[in-house]
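Trainee: need a structure here:
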Amino acid sequence: ELYFIVTNSTHKATIHSLRGEYYWEKIFNLPPQSYSIGYFIRLKNGKDSETNYISIEVKIDYPFITITSPSNGQNFSTNLINIIGTASSSNFNLRLILNKTNTNNLNSIPQTWTKEITIEKTLNSLTVELIYNSVTTDKKRVLFYGPSFTAFEMLEMLGKGINMGNALEAKPNENSWGNPIQDHYFTLMKQAGFNHVRIPIRWSLADRTSPNPPYTISPTFFNRIDHVVNTALSAGLIVIINIHHYEELFSYPMEHKERFFAIWRQISERYKDTPDTLLFEILNEPHDKITSYWTNLMTNAIKIIREHNPTRIIIIGGTDWNSINGLTQLYVPQNDPYIMATFHFYDPFIFTHQGAEWVDGMQGVSNIPWPKVSGHTVTIPSNIPNWISNQLADYNKLIGDQNPCSSNFITSRLDIVSNWSKQKNIPVWMGEFGSYENYAEINSRERWTHFVRKEAEKRNIAWCYWEFSSGFGIYKPQTTQWVSQLSNALLGN
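Mentor: Numbering: from 1, shown residues only. Presented below is the predicted three-dimensional model:
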């Protein structure tokens, strides 16, 4: 928090966030005289920084300006707008500064003046300075909004992303899976070259959201999410938050639908003034008994979000664990240019999840390279689900492009996504893809990761790797080192 000291009184400033930077301001009505104005920062631990001072002089005979349009908080649907203002005298000079970089100088203008300017998407900051006898005698600033990013525009901005997984979706708390979020992770992501971060969040635990109406989200948990979201935004990342691992909703959709809606109502209300670079993903990997209810639940959640966030990007995904098959069955709302679709990609599953302890039947699967080495076979464990044994059998017997561990298997699946996206006229984001580190050898993981990433990019599919710093991760918190083969596969050429 920032404070001003004026005439021996302390005043808290108002904070604004604009394009990854923070601005503070406070308006004072001061009689003519000289002033020494102090300012200091109050830290989260309650301690205050050193106080600095600036000197100003207020004179009643200096000319001043008023900006009549735009007003603070005004929204514009076009990029070309008129700045309109008045001044207390004529024949003065103005300097217009848009978003700190775009400067226009106006000379010898009348008392009422107009200037046409081109503004940027979403939040804009305009500073107007009046220059009189080579002295800046007045300065005004307004914050207003240009057109929002459409989903297609946002897709281009998303580009490369990373999941901050196994943290806020862990249970019973953020530390339970050994991967709590550290603030500096987001700076590392941005510096490495990622454009966005997906933050999976398990809201449904009883100590986070009340199990009883009105299903209030814990203030303590909300404050933690505030901090994580703001830290990631401040690092310059686009941020995606979701409802993750709502297991009760998958098993008892009708019993939990009102709680699901209440969670989104509170999230939507809380973040309605957050920049458009915060995106909402409605639900991670819907499956099981929710399948037949999913269109109804999804469309009603969209309506709730749109009450306070009419142009925020909303991400929707299909059933069957956000699979490609589920994507092709997804209902796409019409006449909403701020909707994006998602899918998850872990094909071939016998490679990406070999040895995965949490998947029934995969514990005995190992020693599968990518792509398949000619002549290589694996032993098929007994007493495993048919779908796994069938994939392993196909791996052993099929050759060339027919093999599940061939490059053709991947490209043909991504072609389905690309064709569906064009048919439905909706941008698509690959919200998860990755491979488990315990049994898949690193060279195969590198090849698979790089191939999937490049093939997605060829089809204009933005992507988000699963995940940053756990079992699929590309960064090791214990050693503070990147898994270079994977980070290069994602970010290098």
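Trainee: Assign the residue most central in space within the chain to helix, strand or coil.
Mentor: Central residue of the chain (Cα atoms, centre = their mean): residue 239, 1.6 Å from the mean position. Going by DSSP: H, G, I helix; E, B strand; the rest coil, the secondary structure assigned to residue 239 is strand.
Trainee: could you pull out the strands for the stretch 301-450 of the chain?
Mentor: Ranges of strands within the stretch 301-450 of the chain are 314-317, 339-345, 428-433, based on DSSP state E, counting those that start in this stretch.
Trainee: List the buried residues for stretch 150-166?
Mentor: Judged by neighbour count (16 or more other Cβ atoms under 10 Å), stretch 150-166 contains these buried residues: 150-151, 153-155, 158, 160-166. For the C-beta atoms, the positions are set from N, CA and C on the backbone; glycine is no exception.
Trainee: Stretch 294-313 now?
Mentor: Buried, per 16+ other Cβ under 10 Å, within stretch 294-313: 294, 297-298, 301-302, 304-306, 309, 311-313.
Trainee: tell me the two of those that are most distant?
Mentor: Across these, the longest distance by Cβ to Cβ is 24.2 Å; it joins 294 and 311.
Trainee: re the thing from before, just name the closest of the buried residues of stretch 294-313 to residue 405, please.
Mentor: Among those, and counting by Cβ to Cβ, the member closest to residue 405 is residue 294, at 31.3 Å.
Trainee: and the gap between the closest one and residue 317?
Mentor: Residue 294 sits 9 Å away from residue 317, going by Cβ to Cβ, to the nearest Å.
Trainee: Show me the common contact partners of these two, please.
Mentor: Taking Cβ atoms under 8 Å, 6 or more residues apart in numbering as the contact rule, residue 294 and residue 317 both touch residue 286.
Trainee: hmm, back to that, mind listing what the residue nearest to the centre of the chain touches?
Mentor: With the criterion set at Cβ under 8 Å, 6+ apart, residue 239 makes contact with 196-197, 199, 229, 232-233, 277-279.
Trainee: do that again at 6 Å, thanks
Mentor: Each residue near residue 239 by Cβ atoms under 6 Å, 6 or more residues apart in numbering is listed here: 197, 229, 232-233, 278.
Trainee: Can you read off the pLDDT for it?
Mentor: Residue 239 carries a pLDDT value of 98.
Trainee: just the buried members of the contacts of residue 239?
Mentor: Neighbour counting with 16+ other Cβ under 10 Å marks 197, 229, 232-233, 278 as buried within the contacts of residue 239.
Trainee: May I see those residues organised as JSON lines, with pLDDT, distance to residue 75 and secondary structure added?
Mentor: Shown next, in JSON lines, are the buried ones among the contacts of residue 239 (pLDDT from 0 to 100; distance: Cβ to Cβ, whole Å; DSSP: H, G, I helix; E, B strand; the rest coil):
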{"residue": "197", "pLDDT": "98", "distance to residue 75": "27", "secondary structure": "strand"}
{"residue": "229", "pLDDT": "97", "distance to residue 75": "22", "secondary structure": "helix"}
{"residue": "232", "pLDDT": "96", "distance to residue 75": "25", "secondary structure": "helix"}
{"residue": "233", "pLDDT": "94", "distance to residue 75": "20", "secondary structure": "helix"}
{"residue": "278", "pLDDT": "96", "distance to residue 75": "17", "secondary structure": "strand"}
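Trainee: which of these lies closest to residue 7?
Mentor: In terms of Cβ to Cβ, no member of the buried ones among the contacts of residue 239 lies closer to residue 7 than residue 233, at 35.5 Å.
Trainee: what bridges to the nearest residue to the closest one once chain neighbours are set aside?
Mentor: Spatial nearest neighbour of residue 233, chain neighbours left out: residue 239 (5.7 Å); criterion: Cβ to Cβ, 6 or more residues apart in numbering. Counting by DSSP bridges, residue 239 forms beta bridges with residue 197, residue 278.
Trainee: I'd like the distance between residue 239 and residue 189.
Mentor: 11 Å.
Trainee: And the helices in the stretch 251-400 of the chain, which stretches?
Mentor: 253-270, 294-308, 319-322, 324-328, 349-352, 386-397 (DSSP state H, counting those that start in this stretch).
Trainee: so which of the ones you listed gets nearest residue 403?
Mentor: Of the helices of the stretch 251-400 of the chain, nearest to residue 403 by Cβ to Cβ is helix 386-397, at 6.5 Å.
Trainee: Could I get the buried residue list for that closest one?
Mentor: For helix 386-397, by 16+ other Cβ under 10 Å, it's 388-389, 391-392, 394-395.
Trainee: For it, list the C-alpha coordinates in CSV.
Mentor: Output of helix 386-397 as CSV, limited to C-alpha atoms (Å, rounded to 0.1, in the frame of the first residue of the first chain):
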residue,chain,number,x,y,z
ASN,A,386,-9.1,-54.2,-21.4
TRP,A,387,-8.5,-50.8,-22.9
ILE,A,388,-4.9,-50.8,-21.6
SER,A,389,-4.2,-54.4,-22.7
ASN,A,390,-5.7,-53.6,-26.1
GLN,A,391,-3.4,-50.5,-26.6
LEU,A,392,-0.4,-52.6,-25.5
ALA,A,393,-1.4,-55.4,-28.0
ASP,A,394,-1.6,-52.8,-30.8
TYR,A,395,1.8,-51.5,-29.8
ASN,A,396,3.3,-55.0,-30.1
LYS,A,397,1.6,-56.0,-33.4
